[in-house]
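**Q** okay, sequence plus prediction incoming.
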Amino acid sequence: MEPITRLGDVGRYLLGVGETVVVPDESTQHALGYPSLFLLVVLGSLVPVVPTGALVSSAAVVALHQSVPPLSLLVVCLVASTAAFAGDTALFWLGRRGVGSRNGSRWLERLRERAAPERLAQAQRRLREHGITVLVVSRLVPAGRIPVMLACLLARMPMREFVRGNLPAALAWAVTYQVVGVVGGSLFAEPWEGVAAAVALALVLGGAPALWRRMRHGRERLS
């Protein structure tokens, strides 16, 4: 009995029960997977509740088990970074409409709701000190993107300047979470094990800072 070793294997026997399992070939996986990854990352950029980092890490694990891993990893990186760039740029454009409008906009209000006052003040200070380079750091720091974007909006940063800083930020973000996926996926032989490890690692990296801030604020209130 030969195990299923690649995502492109077709017609393998599973568990010796005599039932064949048809697994989509790589071209079908690519046709479905890459557009899905793009749309989900864009959605996660616009509505920051989708764990986009975990998605990129999972896609990197799957790419490791393709017939040409370097090429698949390159495509995942390009798709993820392009989607993150498009989503951030669209959100900034929607926020600019709110800043320029007398009544604001629901997008601007959502950004305000998700940016704690102390985080916003810190982002504004760093923006004044470091300029658009702070966009790169904000993309890599969990929960750092929204306060910095709101600070850019309140400072009335031109769209062209934001795009110039957002491009390397999106690329650095995609590469970082792809490395997380490669590390997690290389530790296990089975793709699903690598995906589970990569998702867990990405979620820990994304949630640990927020958990630490809550614990710190709780100690401050008690003291």
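**A** Yep, it's here.
**Q** in stretch 160-179, what's buried?
**A** Residues of stretch 160-179 classed as buried under the neighbour-count rule (16 or more other Cβ atoms under 10 Å) are 162-163, 165-174, 176-178. The way it works is simple: take the backbone N, C-alpha and C, and place the C-beta from them, glycine included.
**Q** same question for stretch 88-104.
**A** Quick answer for stretch 88-104 (16+ other Cβ under 10 Å): Asp88, Thr89, Leu91, Phe92, Leu94, Gly95, Arg96, Gly98.
**Q** the third one touches Val148, doesn't it?
**A** Think Leu91. No: here Leu91 does not reach Val148: they are 12.0 Å apart, not a contact under Cβ atoms under 8 Å.
**Q** look up how far Ala115 lies from Gln178.
**A** 27 Å (Cβ to Cβ, to the nearest Å).
**Q** meant to ask about His130
**A** 18 Å.
**Q** more crowded one of these two?
**A** Ala115 (20 against 12; other Cβ atoms under 10 Å).
**Q** okay, and the nearest residue to Asn166 once chain neighbours are set aside sits in which element?
**A** Of all residues not flanking Asn166 in the chain, Asp88 sits nearest, at 5.2 Å (Cβ to Cβ, 6 or more residues apart in numbering). Secondary-structure assignment from DSSP states H and E places Asp88 in helix 69-100.
**Q** next structured bit after that helix?
**A** helix 106-114.
**Q** tell me the angle the helix holding Asp88 makes with helix 106-114.
**A** 100 degrees (axes from the mean of the first three to the mean of the last three Cα atoms, to 10 degrees).
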